[in-house]
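Novice: Next input, structure requested:
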Amino acid sequence: MRHLRARPCSPDPGRLCEGPVWDPAVHELLWVDITAGLIHRGSLVPFADGSGLPDVLPHIALAPGGSVGAVLPSRSGALIAPVSTSVMRIGDSSRSEEIASLSLPPDGIRRRFNDAACDPRGRLLVGTMAYDATEGAGSLYQLGPDGLRVLLDSVTISNGLGWSPDGSLMYYADSPTGRVDVFDYDLATGTPSGRRPFASIEGGFPDGLTVDREGNVWVAVWGGGQVRAFAPDGTCHTVVHVGTSHVSSVAFAGPALDTLVITTATEELTQQQLNEERHAGRLFVCRPGIAGLPAVPFDDLVPQETT
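Specialist: Numbering: from 1, shown residues only. I've put the predicted structure just below:
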């Protein structure tokens, strides 16, 4: 087992930082603070101490109005963000338009979008959850030319999404299950099938995840203070110690995609934990010696229909 340690970055702590993604078109990092309703963009710059690790220099914060589950680059250059119960396209000067919205059942349960990612063909997959985490109230959706369609139902907290390097497998975490599952994935239709357990997470819950170029799956462990890397056969081989309990997501960033950027949160920490974990809510970085897969931009050049 290999053990690494991550280093905190410069941005001020957030409440629920999530969804880091490297935007290769502009060579910048994107991430969100879900409950603060903020989208951040920043650059990677070297730490001044000559350590060789990159720091994150934030320089744009957008507030599209509502909780922001994720942010993703698109082929048009706009940002795509699931905000509350709408999927928004955010263009120049923060101009935004709704491209899809949820049709919610009349059961009185308040829901919102949570984590999201694009599959290898540029389709947007986005999950939901209840604000109070009601069991089974969430779903996983896919956005296509005909709007949103349900891929998985009876989900509690829809979280990490990622695909194998050849796109034939999809990894997915419904956090309260305590495991990451794997599906066979039909790239032609964007349909997952054959769900089965991939990796069990002990000492915390699986949150965001990413896949590297060798097919290893890197999983943020909420409540565990770690990122754990699993080989394609499900064997854990690397643990990144983050130094704060609520680790929310992870992504490979930088021109060579060789920097692991890790988001964390202050939400649900006790006052004692906040006193002890002074870097809670910050971004962290480390260099694991392997490169990630490039993020696939959302294909918003194909017209989408609002549901």
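
Novice: who touches Ser164 in this structure?
Specialist: With contact taken as Cβ atoms under 8 Å, 6 or more residues apart in numbering, Ser164 is in contact with Met170, Tyr171, Val211, Gly215, Pro232. Bear in mind the C-beta positions are built from the backbone N, C-alpha and C, glycine included.

Novice: Let's see that with 7 Å instead.
Specialist: Listed by Cβ atoms under 7 Å, 6 or more residues apart in numbering, the contact partners of Ser164 are Val211, Gly215.

Novice: cool, and Arg5?
Specialist: Residues near Arg5 by Cβ under 7 Å, 6+ apart: His241, Cys286.

Novice: Quickly list what it is bridged to.
Specialist: Beta bridges link Arg5 to His241 when assigned by DSSP bridges.

Novice: Report the separation between it and His241.
Specialist: Here Arg5 is placed at a distance of 5 Å from His241 (Cβ to Cβ, to the nearest Å).

Novice: overlap in contacts of those two?
Specialist: With Cβ under 7 Å, 6+ apart, Arg5 and His241 have no common neighbours.

Novice: and the closest residue to Gly223 other than its chain neighbours, what are its phi and psi?
Specialist: Nearest non-adjacent residue to Gly223, counting by Cβ to Cβ, 6 or more residues apart in numbering: Gly204, 3.9 Å away. Phi and psi for Gly204, reported as degrees, to the nearest 10, are phi 160, psi -170.

Novice: try Asn275
Specialist: According to degrees, to the nearest 10, Asn275 has phi -70, psi -40.

Novice: Could you count how many residues lie near it?
Specialist: A count of neighbours around Asn275, defined by other Cβ atoms under 10 Å, yields 10.

Novice: List the buried residues in stretch 90-98.
Specialist: Across stretch 90-98, burial judged by 16 or more other Cβ atoms under 10 Å covers Ile90, Ser96.

Novice: ignore the last one, stretch 15-24
Specialist: Across stretch 15-24, burial judged by 16+ other Cβ under 10 Å covers Leu16, Cys17, Glu18, Gly19, Pro20, Val21, Trp22, Asp23.

Novice: check which helix or strand covers the second one.
Specialist: Secondary-structure element containing Cys17, defined by DSSP states H and E: strand 17-23.

Novice: who does the helix or strand that that strand is followed by pair up with?
Specialist: Next along the chain after strand 17-23, taking DSSP H and E as the criterion, comes strand 28-33. Sheet pairing of strand 28-33 (DSSP bridges) gives strand 17-23 (antiparallel), strand 38-46 (antiparallel).

Novice: Which residue ranges of the stretch 151-300 of the chain form helices?
Specialist: 271-276 (DSSP state H, counting those that start in this stretch).

Novice: ditto for the stretch 1-150 of the chain
Specialist: Under DSSP H, counting those that start in this stretch, the stretch 1-150 of the chain gives no helices.

Novice: Any regions of the protein where pLDDT drops low?
Specialist: 93-94, 301-307 (pLDDT under 70).

Novice: Next up, the contacts around the closest residue to Val221 other than its chain neighbours.
Specialist: Leaving out its chain neighbours, the residue that sits closest to Val221 by Cβ to Cβ, 6+ apart is Gly204, at 3.9 Å. Each residue near Gly204 by Cβ under 7 Å, 6+ apart is listed here: Val221, Trp222, Gly223, Gly224.

Novice: hmm, 10 Å instead?
Specialist: Neighbouring residues of Gly204 by Cβ atoms under 10 Å, 6 or more residues apart in numbering: 175, 178, 219-226, 228, 245-247.
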